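K.L.:
sequence? don't have it. structure:
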């Protein structure tokens, strides 16, 4: 029975879900390519907001070739890197806010470690282990990523090297005729983190007041 389940699930994934995912990813890539040509400043904003959802569905892989091509042909990328940078650090900051506010020791340890890896560029642990589980950190990360992405888009921040978007990759934003691009990248990163952290800090109280959190998370006893 388990073998049959694996065969059926694998077949459906390869034959049906795989092609659908590729098709959706191509559509998303085409949309962002068009948007770059018409309102480039908006691209990092949208990527900053929706990147967690794209990662959840695997459709973010449709954007990566765009960034790679930009680096290869123009020497810099303003499409993928900046938006994903804002999104990743925002997710990590939301996780750190959860770690600070929760009263559950297990959640606190997970959120602290996953939040740290998130701001450094690896978001899967904090996305699946914390943000998606409690929802309010995911909302906070999307807001923070959007605000940070908006700043990066308005200031035209570009990355000059590839790498997993996070604090450790900020040196990839050193380029151009001055250090302005790097400084704006740092400012946008801070904005994304601060907004995400503050919103998450506040939404924790809202979720707790509405009874959406388990008592182990709030420390309340019945």
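P.N.:
Received it, and whenever you're ready, just let me know what you need. All values derive from a computational prediction rather than experimental measurement.
K.L.:
Could you pull up phi and psi at the residue nearest to residue 193 when sequence neighbours are not counted?
P.N.:
What sits nearest to residue 193 in space, not counting adjacent residues and going by CB to CB, 6 or more residues apart in numbering, is residue 93, at 4.0 Å. Using the backbone N, CA and C atoms, a C-beta is placed for each residue, glycine as well. Reported as degrees, to the nearest 10, the phi and psi values for residue 93 are phi -60, psi -40.
K.L.:
buried stuff in the biggest helix by length in the chain?
P.N.:
Of all segments of type helix in the chain, defined using DSSP state H, the longest is helix 180-209. Buried positions in helix 180-209, judged by neighbour count with 16 or more other CB atoms under 10 Å: 181-182, 184-185, 188-189, 191-197, 199-201, 203-204, 207-208.
K.L.:
Could you do stretch 64-80 as well?
P.N.:
Buried residues in stretch 64-80, counting neighbours by 16+ other CB under 10 Å, are found at 66-67, 70-71, 76-80.
K.L.:
Show me those residues that map onto helices.
P.N.:
If you go by DSSP H, the buried residues of stretch 64-80 have 66-67, 70-71 in helices.
K.L.:
got CSV for the residues you listed, with pLDDT too?
P.N.:
Listed next are these as CSV, based on pLDDT from 0 to 100:
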residue, pLDDT
66, 81
67, 83
70, 82
71, 88
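K.L.:
so what does the longest helix of the chain touch, helix or strand wise?
P.N.:
Applying 3 or more CB pairs under 8 Å, 6 or more residues apart in numbering; DSSP states H and E, we find helix 180-209 packed against helix 81-101, helix 136-154.
K.L.:
Sweet, I'm off.
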